[in-house]
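> sequence unavailable; structure follows:
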């Protein structure tokens, strides 16, 4: 089906996203950005590296003589690689918690697997079946077959630190 994008078009899409984000911070329009903006750019692309990871990323793309600026032609290949590999995916607690609260209209504090699956599949963020299963197996209360999202979110927050 035409919905499955080819690796080429996926790559083009990712590169365009990176370029657009970079350009926002490229105030001089000279294909460089202040090194302090890189964290913001990376996060705007949906990656949440820790400070340490961010530091390593910068070390990889900084000039031999640190200028305080990062060049686009160094940033693009590194960031493309990270996005293609889906590294540093955000810990989606906040997103999830908001989503849960929206879905949990009766304020029960839990959701059925059906409600959750429906949400995760329908809401823009396409999760793979694998991610969904992993998520559900971590989140579902085996005795009741429901997702106690308050517990789940705290589980995720702990793992992340």
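Structure received. Since the structure is predicted, the reported quantities are computational estimates derived from the model, not experimental observations.
> give me the element residue 39 is part of.
helix 38-44 (DSSP states H and E).
> could you give the mean pLDDT of that helix?
Taken as a whole, helix 38-44 has a mean pLDDT of 90.
> packing partners of that helix?
The contact analysis (3 or more Cβ pairs under 8 Å, 6 or more residues apart in numbering; DSSP states H and E) places helix 38-44 against helix 7-25, helix 51-61, helix 72-84. For every residue, glycine as well, the C-beta is placed using N, CA and C.
> ok but residue 130 is inside a helix, no?
Yes. Counting by DSSP: H, G, I helix; E, B strand; the rest coil, one finds residue 130 located in a helix.
> and the pLDDT at it?
On the pLDDT scale, residue 130 gets 75.
> and it, how close does it get to residue 136?
Counting by Cβ to Cβ, to the nearest Å, the gap between residue 130 and residue 136 amounts to 11 Å.
> likewise for residue 112?
Residue 112 sits 11 Å away from residue 136, going by Cβ to Cβ.
> ok, now residue 31?
With distances taken as Cβ to Cβ, residue 31 is found 44 Å from residue 136.
> any idea which of the helices and strands packed on helix 38-44 is most buried?
Most buried of the helices and strands packed on helix 38-44 by mean neighbour count (mean count of other Cβ atoms under 10 Å) is helix 72-84; its value is a mean of 16.
> residue 48 should be in a strand, yeah?
No. Checked against three-state DSSP, residue 48 lies outside a strand; its state is coil.
> ok, now which ones touch residue 60?
With contact taken as Cβ atoms under 8 Å, 6 or more residues apart in numbering, residue 60 is in contact with residue 78.
> swap the cut-off to 6 Å and go again
Applying Cβ atoms under 6 Å, 6 or more residues apart in numbering, we find residue 60 in contact with no residue.
> let me see the domain layout of the chain.
7-84, 93-160 (automatic domain parsing).
> sorry, back to before: format the helices and strands packed on helix 38-44 as a markdown table; extra columns: distance to residue 145 and mean pLDDT.
Compiled in a markdown table, the helices and strands packed on helix 38-44 are given as follows (distance: least, Cβ to Cβ, whole Å; pLDDT from 0 to 100):
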| stretch | distance to residue 145 | mean pLDDT |
| --- | --- | --- |
| helix 7-25 | 36 | 90 |
| helix 51-61 | 37 | 90 |
| helix 72-84 | 35 | 93 |
